[in-house]
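Participant: No letters, just coordinates:
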């Protein structure tokens, strides 16, 4: 794990958000007890505007270098040329199979995808296959950091510290991969729990193999009130009341619509042009109004 965190640190550099000029909505919100965050485009500035290799700009050179650094033997340049297209095809195949099995918004587990690609390289006699999971994770991290650079959003850590010190419970519901918590630890200097996020209030899409806007991700929270069918949600630990929970995210569909369907209050983070998704043509978002709109995370501390 330390090697992965060191890789993320070494491959990361400051990245400034691009102002959006959005109209803010900063009316006080009473009664909030819990704050849940999205990660990419909210807590992290994202070069691609979203999470994951599938959303990023594919790069042959990035894959070539990632294979070399990760210690794979073979024709690195040829693998770099073929790899991005194979990656896209494997992800599409995974999504298609999942949708056919009844999952509306499927998520991949990227380590398994990379393992399949490496097996394909082996069959083409391009790269010698090595099924060491640590090496596969290293490859995934090296490639992700090269094609989708990220950096902490301005005021992110200060906002988290303020909310924690004032007694708000903190959590995350995010489209993510295994390297996402490691990225937070690498760039914020502490693991999620040390920052104040409760483990039971952190839900990541790769673990559920479902992605937002799947409302089911919110059903994984230990909640007193939630979407229909979550009667079991409050068992196994101290629960939260979603009607007293503020969800902060940058996407009107994936974040604001999904959280509102789960019963949360919502805050649209409009702090970076790369990642702000207004989804104005989506019928689910046309009449949707978030409870708050901010363009600086620290504004959250002023309205709750």
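Facilitator: Ah, there it is. Not measured: the values here are computed from a predicted model.

Participant: how about the strand ranked longest in the chain: buried residues?
Facilitator: Of all the elements of type strand in the chain, the one with the most residues (DSSP state E) is strand 197-204. By neighbour count, and taking 16 or more other Cβ atoms under 10 Å as the criterion, the buried residues in strand 197-204 are 197, 198, 201, 202, 203, 204. (C-beta placed from N, C-alpha, C; glycine too.)

Participant: what sits opposite the first one in the beta ladder?
Facilitator: So the one you mean is residue 197. In this entry, residue 197 is beta-bridged to residue 170, by DSSP bridges.

Participant: go on, the fifth one?
Facilitator: When assigned by DSSP bridges, residue 203 has beta-bridge partners residue 173.

Participant: residues touching it, list them.
Facilitator: Taking Cβ atoms under 8 Å, 6 or more residues apart in numbering as the criterion, residue 203 is in contact with 171, 172, 173, 174, 217, 218, 220, 221.

Participant: can those residues go into TSV with extra columns for neighbour count and distance to residue 258?
Facilitator: Supplementary listing: the contacts of residue 203 in TSV, determined by neighbours: other Cβ atoms under 10 Å; distance: Cβ to Cβ, whole Å:
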residue	neighbour count	distance to residue 258
171	23	15
172	24	14
173	26	8
174	29	11
217	24	7
218	25	7
220	19	13
221	25	12
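
Participant: Closest one to residue 14 out of the residues you listed, please.
Facilitator: Distances from those to residue 14 were compared by Cβ to Cβ; the smallest belongs to residue 174, at 22.0 Å.

Participant: May I see the buried residues of whichever strand or helix holds residue 259?
Facilitator: Secondary structure assigned from DSSP states H and E places residue 259 in helix 258-262. The neighbour-count criterion (16+ other Cβ under 10 Å) identifies 258, 259, 260, 262 as the buried residues of helix 258-262.

Participant: Now do that helix: distance to the chain's middle.
Facilitator: Distance of helix 258-262 from the chain centroid (Cα atoms, centre = their mean, to the nearest Å) equals 17 Å.

Participant: Which residues does it contact?
Facilitator: Taking contacts as Cβ under 8 Å, 6+ apart, the residues outside helix 258-262 that touch it are 36, 173, 212-215, 217-219, 226-227, 242, 247, 249, 266, 288.

Participant: which other residues reach the helix ranked longest in the chain?
Facilitator: When secondary structure is assigned using DSSP state H, the longest helix within the chain turns out to be helix 76-100. In this structure, residues lying in contact with helix 76-100 by Cβ under 8 Å, 6+ apart are 53-54, 58-64, 67-68, 72, 106, 108, 113-114, 116-117, 120-121, 124, 126-127, 209.

Participant: Generate a PyMOL selection restricted to the buried entries among those residues.
Facilitator: Selecting in PyMOL just the buried members of the contacts of helix 76-100, where the criterion is 16+ other Cβ under 10 Å, is done with this command:
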select buried, resi 53+54+59+60+62+63+64+67+72+106+108+113+114+117+120+121+126+127
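
Participant: circling back: the longest helix of the chain: how far from the chain's middle?
Facilitator: With Cα atoms, centre = their mean as the basis, helix 76-100 stands 20 Å off its chain's centre.

Participant: Show me what the helix or strand following that helix packs onto, helices and strands only.
Facilitator: Per DSSP H and E, the first helix or strand lying C-terminal to helix 76-100 is helix 110-123. Packed against helix 110-123 by the contact rule (3 or more Cβ pairs under 8 Å, 6 or more residues apart in numbering; DSSP states H and E) you find helix 76-100, helix 133-147.

Participant: Measure how helix 110-123 sits relative to helix 76-100, angle-wise.
Facilitator: Taking axes from the mean of the first three to the mean of the last three Cα atoms, to 10 degrees, one finds that helix 110-123 is oriented at 130 degrees with respect to helix 76-100.

Participant: out of the helices and strands packed on helix 110-123, which comes closest to residue 45?
Facilitator: Relative to residue 45, the nearest member of the helices and strands packed on helix 110-123 by Cβ to Cβ is helix 133-147, separated by 13.6 Å.

Participant: Where does the residue nearest to residue 1 when sequence neighbours are not counted sit, in terms of helix or strand?
Facilitator: The spatially closest residue to residue 1, leaving aside those adjacent along the chain, is residue 182, at 6.9 Å (Cβ to Cβ, 6 or more residues apart in numbering). Take DSSP H and E as the rule and residue 182 turns out to sit in helix 179-188.
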